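A.B. asks: coords below, sequence missing:
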């Protein structure tokens, strides 16, 4: 269990932002988004996880009363950093935000109102992807809260969860926060546990923009993420059996392979597709990964004809007007 930080003032929500050596991104996107929230009493806790670029000093120089900094002299990893933010949070609710993503200015207000109206323990919203120049790419369908637990056991359907989810602080602490044995899948694991602990609510509006770039964790972290997947499977085996759901290894392999492909690791991407399953769709994907972008486009057309050819949740979406304030 994670202890709550005592304090004279308890805001409605605490925003927890972990960061390490990414000051330009942090100040341009996440910090600006968090401090720019409208109509809500909130604080921002930035967990500086061993930065060497002067992040903590630069934050102190902002002289922002709503901002607090938790400093790790040595990096402890993103799950421990988020847990340190949870421990320091004074809010009734905790909102998670990655240091490179963006929020609508009414993101917190909209989600808090929806969560309280539905008596939910956590809330999520519509999200879109943008590139490093903040140009709109695509959006995602919002999962149905009424069937969220089995859907989450199968796949992480809450896109951009660590920049999307707002949860009751007491429930997050009772669940023990993020599993510190996980890195890339720690968010997926916590959303499963939240969905099993109580009801969720979805806000249909697009309130989150996820920024894709070359420094994304999926692209630069070379650890064997399949070991994390196996741990997640073991943790939720009982709940999965009860709900007749199981983590989709083939879908997971596609996600991992996509990261390798975007990082230019074509051979690793092909192997990863096949590591998930030797289904027709993944064999076609593996061939496309090896033979280049033009073949990959053809492979995309071919694989869409087979069952399970596309990951669930993809759809086009209208670019939200609020993105203009960050450009």
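C.D. replies: Perfect, I can see it now. Computed from a predicted structure; not experimentally measured.
A.B. asks: Domain-wise, how is this structure divided?
C.D. replies: Domains of the chain are assigned by automatic domain parsing as 13-217, 225-310.
A.B. asks: out of the ones you listed, nearest to residue 319?
C.D. replies: domain 13-217 (4.0 Å; C-beta to C-beta). Every C-beta, even on glycine, is put in place using the N, C-alpha and C of the backbone.
A.B. asks: the strands in the chain, which residues?
C.D. replies: Under the criterion DSSP state E, the chain contains strands at 13-19, 42-49, 67-72, 93-96, 102-103, 122-130, 136-140, 166-168, 200-211, 314-315.
A.B. asks: quick revisit: could you tell me the least trusted of the domains of the chain?
C.D. replies: Ranked on mean pLDDT, the bottom entry among these is domain 225-310, at a mean of 72.
A.B. asks: about what we covered before: adding mean neighbour count and distance to residue 60, write the strands of the chain out as JSON lines.
C.D. replies: As requested, the strands of the chain are arranged in JSON lines below (neighbours: other C-beta atoms under 10 Å; distance: least, C-beta to C-beta, whole Å):
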{"stretch": "strand 13-19", "mean neighbour count": "27", "distance to residue 60": "14"}
{"stretch": "strand 42-49", "mean neighbour count": "24", "distance to residue 60": "10"}
{"stretch": "strand 67-72", "mean neighbour count": "18", "distance to residue 60": "7"}
{"stretch": "strand 93-96", "mean neighbour count": "26", "distance to residue 60": "22"}
{"stretch": "strand 102-103", "mean neighbour count": "26", "distance to residue 60": "23"}
{"stretch": "strand 122-130", "mean neighbour count": "24", "distance to residue 60": "30"}
{"stretch": "strand 136-140", "mean neighbour count": "18", "distance to residue 60": "35"}
{"stretch": "strand 166-168", "mean neighbour count": "24", "distance to residue 60": "27"}
{"stretch": "strand 200-211", "mean neighbour count": "22", "distance to residue 60": "25"}
{"stretch": "strand 314-315", "mean neighbour count": "10", "distance to residue 60": "42"}
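A.B. asks: Just put those in a markdown table and tack on distance to residue 146.
C.D. replies: Below are the strands of the chain laid out as a markdown table (distance: least, C-beta to C-beta, whole Å):
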| stretch | distance to residue 146 |
| --- | --- |
| strand 13-19 | 25 |
| strand 42-49 | 29 |
| strand 67-72 | 36 |
| strand 93-96 | 22 |
| strand 102-103 | 26 |
| strand 122-130 | 14 |
| strand 136-140 | 18 |
| strand 166-168 | 18 |
| strand 200-211 | 9 |
| strand 314-315 | 19 |
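A.B. asks: Identify whichever of the ones you listed lies nearest to residue 255.
C.D. replies: Of all those, strand 314-315 comes closest under C-beta to C-beta, at 12.0 Å.
A.B. asks: in the stretch 151-300 of the chain, which spans are helices?
C.D. replies: Under the criterion DSSP state H, counting those that start in this stretch, the stretch 151-300 of the chain contains helices at 169-174, 186-197, 217-220, 225-235, 237-243, 249-262, 266-276, 280-291, 293-303.
A.B. asks: for the fifth one, packing partners?
C.D. replies: In terms of contacts (3 or more C-beta pairs under 8 Å, 6 or more residues apart in numbering; DSSP states H and E), helix 237-243 is packed against helix 148-154.
A.B. asks: hmm, who's touching the helix it packs on?
C.D. replies: Contact with helix 148-154 is made by 143-144, 157-158, 188, 191-192, 195-196, 200, 236, 239-240, 243-248, 251, as judged by C-beta atoms under 8 Å, 6 or more residues apart in numbering.
A.B. asks: Any of these buried? List them.
C.D. replies: Buried by 16 or more other C-beta atoms under 10 Å: 143, 157-158, 188, 191-192, 195-196, 200, 236, 239-240, 243, 245, 247-248, 251, out of the contacts of helix 148-154.
A.B. asks: follow-up on the earlier one: closest to residue 325 out of the strands of the chain?
C.D. replies: Closest among the strands of the chain, using C-beta to C-beta: strand 102-103, at 9.2 Å.
A.B. asks: strands paired with that closest one, and their directions?
C.D. replies: Under the criterion DSSP bridges, strand 102-103 sits next to strand 200-211 (antiparallel) in its sheet.
A.B. asks: mind checking how far the strand it pairs with is from the chain centre?
C.D. replies: Computed by C-alpha atoms, centre = their mean, to the nearest Å, the separation of strand 200-211 from the middle of its chain amounts to 11 Å.
A.B. asks: Just read off the phi/psi values of residue 198.
C.D. replies: Torsion angles at residue 198 (phi, psi; degrees, to the nearest 10) stand at phi -180, psi 180.
A.B. asks: please begin residue numbering at 46 from this point
C.D. replies: New numbering, starting at 46: the last item is residue 243.
A.B. asks: I appreciate the help and will end here.
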